[in-house]
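A.B. asks: Have a look; sequence and predicted model below, questions after that.
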Amino acid sequence: MIDASTQRAEEVFYAALELKDSGERRALLERACAGDSDLRALVETMLNSQKDVERFFMDSLPALTPSVEAAGFLAGEYEAVGQNHNESFADAEIGTRIGPYKLLQKIGEGGCGVVYMAEQEEPVRRRVAVKVIKLGMDTKSVIARFEAERQALAMMDHPNIARVLDAGATETGRPYFVMELVRGIKITSFCDENRLDTHRRLDLFIQTCHAIQHAHQKGIIHRDIKPSNVLVTMLDGVPMPKVIDFGIAKATSGDRLTDKTVFTAYEQMIGTPAYMSPEQAEMSALDIDTRSDIYSLGVLLYELLTGKPPFDQKELLSSGLHEMRRTLREQEPHRPSTKLDGLKFEDLTQTAVQRRVEAPKLKMLLSGDLDWIVMKALEKDRDRRYQTANGLGMDIQRYLTNEPVVARPPSRLYRLQKLVRRNQATFVTIGAVSLALIAGFGTSTWLFFKERHLLHEAERGRANEAFLVKQAEARGKIAQAVLLVEQNRFEEADRLVGEIPTSDTAMVGEAVFRPLGDWAALQGHWQRAAEYFSILASLDQFETSEISTLDHTKCAVALIESGDHAAYERFCRESIKQFASTTDPLIAERTVKNSLLLPADASLLAALTPMANVAANSFSDNKAKDSWMMPWRCLSLALMEYRRGNYPGAIGWCNRCLTYRKDSAPPRLATIHIVLALAYHQLGIPAQAQAELVQGRDQIDNKLKDGLEMGGGSQGSWFDWVLAQILEREAIAKIENP
């Protein structure tokens, strides 16, 4: 049996092998072996022995079998001989095949993996990126992080995040996964080389915020946001940022990204120091949440605006671990406009030229709103930062549109507290002198005004204290509501959320609102359901994923069922304005369908026409005809033609929908029969209208006779059936009860 000290030495030894830089390795040994000289000596002996083993294997490499050759790389040492061999091996793999992929060129390399450009020939011919673990680096820890990155990427579907296309293992058992090939350079280099002005830099940054928000909504914290992990590529001549490298991502829920165990040495720092949040550098019991990524986004924004990060990476590393952590925790960075004052003349000139502005004007440009936005994202106290990536992106959008930004200056009371903490001795002295002056030279008039001033400050202090208490209570209720929802105790969670002030509801998030909205709808509490889904729709204003557009459908049917038709009309016009420029057929057809559940006026139909055209034009792609979304698209276009008064056109789209037999979702078929009944009635064909109405009613009434069910999949969700029922009521009123 291995004793505890030996086991600990092996853990530190393997953790040290994974570090490429010798300085980082020494820092790890200082942290992990602090106060234990015997442990330090044992680990260093093992590392020195490993160097001899690796040199032996390098010298004997031509005579070794592949499995023994791989063992030589388990050491992870990055001395010249080992590094050269890894490079030669990676080069030797070019031209070989991994599964259906032919390796063409090495395009990237990290401590544990190599990324190749590869060509896929079947079932489609395309260029992809293949990431494979280096030969000999398939340790338990490395494989776990590799699997975590693949799993994190596979969970996401966003145009600004590199997509995973395939995964597997080589013939020798090394894991690999295949990603979308991103032909780009890091965002800061792209902006500087193309001399983008501040406005265009902020546009790229807002798209990056959207990508990180999508990752957060999928329960993933990136933990290593920096320029080299945000690449900019060109799509149809338009620059598009792509977030990559989720190798150290963390799941926000209790589920791990991989079922393999990742060993992290005691106090091992994860991330890049210059872009790391204070709580991430602290390595304490304080858990890392999505607001750590908000801080890293703030650093990235700082560098895009000034050309430099708030703290220099080399200075942080050279200062030592303890000083580096103290700097990130306690030292306030300069404002972006103030940072420019510390640059050399030639550096300042170059920075201004790269942003297409004169140096004095650049400082004026950054002063004010941009200073406050950046400094709010870089707050040491994460409760004072933006709470979501969307919040940061929305504030920048407000700046670009000359609207007031949320990042207001801290209150005078907050600044006074900071000043007192920094100069405690000075304030004690000032207080003593002030008391002496008051005692010796005060007059009744001065005392009167001083007393009134102190009372005013005290009232402000009490108001601020009450606000903080209420906010703390709200956060406690939010955490309790999340727990109740996870336990399916929806009624208790609903009561608890109802006690949270309206100003704090944005902190609750979709993890609570979406399940509570579904629950309220299934219980028939339509007004409450409409409130939940209206809040979700407002939170989703930067999100264009499938699940967020379904929130809009749920909101539409809930508002109608609650009887608030005026609110439904406002919701429709806001949705149309939000997605007016979309080119996504899925978003277009759902917006059309959601907005036409009740009769619409000419202005609403005119606003929907461009989206209907986007949905209709998608049928020109023959391959898209068999997609699952096409039948629903036919239904939306049929409803559009009916509301326009083009009843033959509506019947044509309905009949086209019925040709999709592979995906005959019951609620969609029932809705098609209802739209056919309405169209035949308007054309003066009562017998056909009655027949279609009977067929649709039979399906809807049979499904809903026992009440709503959550549903999903091929049988349809609850909101699909409610949508059908809304149109059924209109058909009954027109055909049977005119």
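C.D. replies: Arrived safely.

A.B. asks: can you give me the mean pLDDT across stretch 450-465?
C.D. replies: Taken as a whole, stretch 450-465 has a mean pLDDT of 74.

A.B. asks: got a pLDDT number for Ile185?
C.D. replies: 91.

A.B. asks: Go ahead and report the secondary structure state at it.
C.D. replies: strand (DSSP: H, G, I helix; E, B strand; the rest coil).

A.B. asks: Can you give me every residue that contacts it?
C.D. replies: Residues in contact with Ile185 (CB atoms under 8 Å, 6 or more residues apart in numbering) are 193, 231-232. Using the backbone N, CA and C atoms, a C-beta is placed for each residue, glycine as well.

A.B. asks: Just list whatever residues bridge to it.
C.D. replies: With DSSP bridges as the criterion, Ile185 is bridged to Val232.

A.B. asks: now it: how far from Arg355?
C.D. replies: In this structure, Ile185 and Arg355 are 18 Å apart, going by CB to CB, to the nearest Å.

A.B. asks: Which members of the contacts of Ile185 are classed as buried?
C.D. replies: 231-232 (16 or more other CB atoms under 10 Å).

A.B. asks: Adding distance to Arg150 and pLDDT, write the contacts of Ile185 out as JSON lines.
C.D. replies: Conversion of these to JSON lines gives the following (distance: CB to CB, whole Å; pLDDT from 0 to 100):
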{"residue": "Glu193", "distance to Arg150": "31", "pLDDT": "94"}
{"residue": "Leu231", "distance to Arg150": "18", "pLDDT": "93"}
{"residue": "Val232", "distance to Arg150": "23", "pLDDT": "95"}
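
A.B. asks: Gly168: which of the contacts of Ile185 is nearest?
C.D. replies: Closest approach between the contacts of Ile185 and Gly168, by CB to CB: Leu231, at 24.6 Å.

A.B. asks: Correct me if wrong: the closest one contacts Ile187.
C.D. replies: Yes: taking contacts as CB atoms under 8 Å, Leu231 lies within contact range of Ile187: 7.1 Å.

A.B. asks: okay, and the common contacts of these two?
C.D. replies: Joint contacts of Leu231 and Ile187 (CB under 8 Å, 6+ apart) are Pro241.

A.B. asks: Tell me where the stretch 451-600 of the chain has strands.
C.D. replies: Assigned by DSSP state E, counting those that start in this stretch, the stretch 451-600 of the chain shows no strands.

A.B. asks: just the chain next, same as before
C.D. replies: Secondary structure of the chain (DSSP state E): strands at 97-98, 101-109, 113-120, 126-133, 164-169, 175-180, 184-186, 220-221, 230-235, 238-243, 250-251.

A.B. asks: and Asp347, which of these is closest to it?
C.D. replies: Asp347 lies closest, by CB to CB, to one member of those: strand 184-186, at 19.3 Å.

A.B. asks: Measure how far the closest one is from the centre of its chain, please.
C.D. replies: Chain-centre distance of strand 184-186: 20 Å, with CA atoms, centre = their mean, to the nearest Å.

A.B. asks: now do stretch 369-384
C.D. replies: Distance, stretch centre to chain centre, for stretch 369-384: 19 Å (CA atoms, centre = their mean).

A.B. asks: same thing with stretch 301-319?
C.D. replies: On CA atoms, centre = their mean, the centre of stretch 301-319 falls 24 Å from that of its chain.

A.B. asks: Report the mean confidence score over it.
C.D. replies: For stretch 301-319, mean pLDDT rounds to 89.

A.B. asks: again with stretch 527-545
C.D. replies: If you average the pLDDT over stretch 527-545, you get 76.

A.B. asks: Kindly report the same for stretch 271-278.
C.D. replies: Mean predicted lDDT for stretch 271-278 stands at 86.

A.B. asks: Pull the contacting residues for the closest residue to Trp372 other than its chain neighbours.
C.D. replies: Using CB to CB, 6 or more residues apart in numbering and skipping residues adjacent in sequence, the residue nearest Trp372 is Ala407, 4.0 Å away. Contacts for Ala407 (CB under 8 Å, 6+ apart) come out as 369, 372-373, 375-376, 386, 395.

A.B. asks: For Gly498, state which of those is nearest.
C.D. replies: Tyr386 (26.1 Å).

A.B. asks: Test my guess that the closest one contacts Ala377.
C.D. replies: Yes: at 5.9 Å, Tyr386 counts as touching Ala377 under the criterion of CB under 8 Å.

A.B. asks: what do these two both touch?
C.D. replies: Common neighbours of Tyr386 and Ala377 (CB under 8 Å, 6+ apart) are 294, 392.

A.B. asks: Can you lay out the contacts of Ala407 as JSON lines showing distance to Gly173, pLDDT and neighbour count?
C.D. replies: Shown next, in JSON lines, are the contacts of Ala407 (distance: CB to CB, whole Å; pLDDT from 0 to 100; neighbours: other CB atoms under 10 Å):
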{"residue": "Asp369", "distance to Gly173": "54", "pLDDT": "89", "neighbour count": "19"}
{"residue": "Trp372", "distance to Gly173": "53", "pLDDT": "92", "neighbour count": "19"}
{"residue": "Ile373", "distance to Gly173": "49", "pLDDT": "94", "neighbour count": "24"}
{"residue": "Met375", "distance to Gly173": "50", "pLDDT": "93", "neighbour count": "22"}
{"residue": "Lys376", "distance to Gly173": "48", "pLDDT": "93", "neighbour count": "22"}
{"residue": "Tyr386", "distance to Gly173": "44", "pLDDT": "93", "neighbour count": "24"}
{"residue": "Asp395", "distance to Gly173": "49", "pLDDT": "92", "neighbour count": "23"}
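
A.B. asks: Among the residues you listed, which pair sits farthest apart?
C.D. replies: Within those, Asp369 and Tyr386 form the most distant pair, 14.0 Å apart (CB to CB).

A.B. asks: returning to what we had before: tabulate the strands of the chain in a markdown table, adding columns for distance to Trp632.
C.D. replies: Below are those laid out as a markdown table (distance: least, CB to CB, whole Å):
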| stretch | distance to Trp632 |
| --- | --- |
| strand 97-98 | 38 |
| strand 101-109 | 35 |
| strand 113-120 | 31 |
| strand 126-133 | 28 |
| strand 164-169 | 26 |
| strand 175-180 | 27 |
| strand 184-186 | 34 |
| strand 220-221 | 29 |
| strand 230-235 | 27 |
| strand 238-243 | 28 |
| strand 250-251 | 32 |
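
A.B. asks: Looking at the ones you listed, which one is packed in the most?
C.D. replies: Mean neighbour count (mean count of other CB atoms under 10 Å) peaks for strand 220-221 among the strands of the chain, with a mean of 25.

A.B. asks: partners of that strand in the sheet?
C.D. replies: Take DSSP bridges as the rule and strand 220-221 pairs in its sheet with strand 250-251 (antiparallel).

A.B. asks: for the record, mean pLDDT for the partner strand?
C.D. replies: Mean pLDDT, computed over strand 250-251, is 64.

A.B. asks: again with stretch 163-173
C.D. replies: Mean per-residue pLDDT for stretch 163-173: 82.

A.B. asks: One more: stretch 616-630?
C.D. replies: For stretch 616-630, the mean per-residue pLDDT is 68.

A.B. asks: Start and end of that stretch, how far apart?
C.D. replies: 10 Å (CA to CA, to the nearest Å).

A.B. asks: Ok, stretch 348-365 next?
C.D. replies: Start-to-end span of stretch 348-365 (CA to CA) is 14 Å.
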